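Enquirer: build me a structure from this.
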Amino acid sequence: MNPPRHLKRLHLQSPQASSLAHFYQQTFGMTCQEMNGTWCCSQDGREVFISKGQAGQIHYALFAIENAADWNLFKAHVRNLPQINLQTFPELPQTALGFQDPDQNCMVFALSSDLAQHFSNSSLSSKADLLPPAESQHFALRTQQVEIMERFYTNDLGFTLSDVVRDDNGATKACFVRGNEMHHTLALFGAPVTCFDHQSFETPHWNALKDWADHMGRLRIEIVWGVGRHGPGNDVFFMVRDPDGNLAEISSEIEICSESRPVGQWKHEERTLNLWGKAIMRS
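Expert: Take a look at the predicted model:
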């Protein structure tokens, strides 16, 4: 296994940053504060930052590496990659490293202790205290060059390929890569457009997922996909849409992978994305 890392935060772009922040505050039980034009939404284990920009795009995804030994291994792995100047994001520690993928998305990596020292958003007492835990776990991108993107994330950034989805001609239509023992930290979907697809918050078990669904019902937030079960990852899930049209997922019971797990092969069909029924197909 390459140096483990987990998704810490997504920084989304939005033409309506304040409205989007308040959606995540209410719907996903976060506390929000505005700092220098950026809305910082957080609750234990989950973070979404939002600032002005084009809908359907991210400013960056932030991955945390837990200990100094793994951090040094990661720095050695990426030492020859071009880096991005991160000074436009003052919420990031100076030690953070940023890289641009082939679709121009910014991927940021930082040592957990540096993040803890640099940014703290204390969770105020709120209705979120009544909700089950849900941690930032993975996100997905739509891309017109899925195979090139796969090579960048696995070869250049050191993620591990878990599963690949191919059509009848053998062309890659989607892939799932992991940064730790959980089945995927990032999913890449071949699509006619290049954009952000969704983010997912992992809750501990089926009953917790049901409680989150009941929470959405009380808020009259429509579940647009699910409840279902993904093929790759085998997790149960449902998804809602935020005001910008981005999908946001609550997931549970995702597959835990051993280092020796072979790469899974899946057919490009609806059943791959939802073993229980209908799916949102990206291509």
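Enquirer: when you work out contacts or count neighbours from here on, use the C-alpha atoms and nothing else.
Expert: OK.
Enquirer: where do the helices of the stretch 51-200 of the chain begin and end?
Expert: Listed in chain order, the helices found in the stretch 51-200 of the chain under DSSP state H, counting those that start in this stretch are 68-77, 112-118, 146-151.
Enquirer: to G53, which of the ones you listed lies closest?
Expert: Closest to G53 of those, according to Cα to Cα: helix 146-151, at 23.2 Å.
Enquirer: need the contact partners of that closest one.
Expert: Contacts to helix 146-151, defined as Cα atoms under 8 Å, 6 or more residues apart in numbering, come from residues D101, P102, D103, T143, T172, K173, A174, C175, L188, F189, G190.
Enquirer: still on that earlier bit, how about the helices of the stretch 51-200 of the chain in CSV, adding mean neighbour count?
Expert: CSV is the format used below for these (neighbours: other Cα atoms under 10 Å):
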stretch, mean neighbour count
helix 68-77, 15
helix 112-118, 14
helix 146-151, 18
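Enquirer: a markdown table for those helices, including mean pLDDT and distance to E47?
Expert: As requested, those are exported to a markdown table (pLDDT from 0 to 100; distance: least, Cα to Cα, whole Å):
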| stretch | mean pLDDT | distance to E47 |
| --- | --- | --- |
| helix 68-77 | 98 | 21 |
| helix 112-118 | 88 | 12 |
| helix 146-151 | 98 | 25 |
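Enquirer: can I get those helices in TSV including distance to D44?
Expert: Supplementary listing: the helices of the stretch 51-200 of the chain in TSV, determined by distance: least, Cα to Cα, whole Å:
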stretch	distance to D44
helix 68-77	23
helix 112-118	13
helix 146-151	31
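Enquirer: need the outlier residue of this structure, farthest from its centre.
Expert: Residue distances from the centre of the chain (Cα atoms, centre = their mean) peak at N169, which lies 29.3 Å from the mean C-alpha position.
Enquirer: confidence score at S123?
Expert: Model confidence at S123, expressed as pLDDT, equals 46.
Enquirer: do the same with D129
Expert: D129 carries a pLDDT value of 61.
Enquirer: what of N2?
Expert: 86.
Enquirer: give me every residue that touches the nearest residue to it once chain neighbours are set aside.
Expert: Nearest residue to N2 in three dimensions, chain neighbours excluded: G158, at 5.9 Å (Cα to Cα, 6 or more residues apart in numbering). If a contact means Cα under 8 Å, 6+ apart, then G158 has N2, P3, H77, G179 as its contacts.
Enquirer: now, of the contacts of helix 146-151, which are buried?
Expert: D101, P102, D103, T143, T172, K173, A174, C175, L188, F189, G190 (16 or more other Cα atoms under 10 Å).
Enquirer: in strands, which of the residues you listed appear?
Expert: The members of the buried ones among the contacts of helix 146-151 that map onto strands under DSSP state E are T143, T172, K173, A174, C175, L188, F189, G190.
Enquirer: thinking the fifth one is in contact with T160, fair?
Expert: No: assessed by Cα atoms under 8 Å, C175 is found out of contact with T160, at 10.6 Å.
Enquirer: can you tell me how far M107 is from T31?
Expert: Computed as Cα to Cα, to the nearest Å, the M107 to T31 distance reads 24 Å.
Enquirer: with R9 instead?
Expert: 14 Å.
Enquirer: then L10?
Expert: Applying Cα to Cα, one obtains 15 Å for the distance of L10 from T31.
Enquirer: also P4?
Expert: Going from P4 to T31 by Cα to Cα gives 28 Å.
Enquirer: quick one: which of these two has more around it?
Expert: Comparing P4 with T31 by neighbour count (other Cα atoms under 10 Å), the higher total belongs to T31, at 24 against 21.
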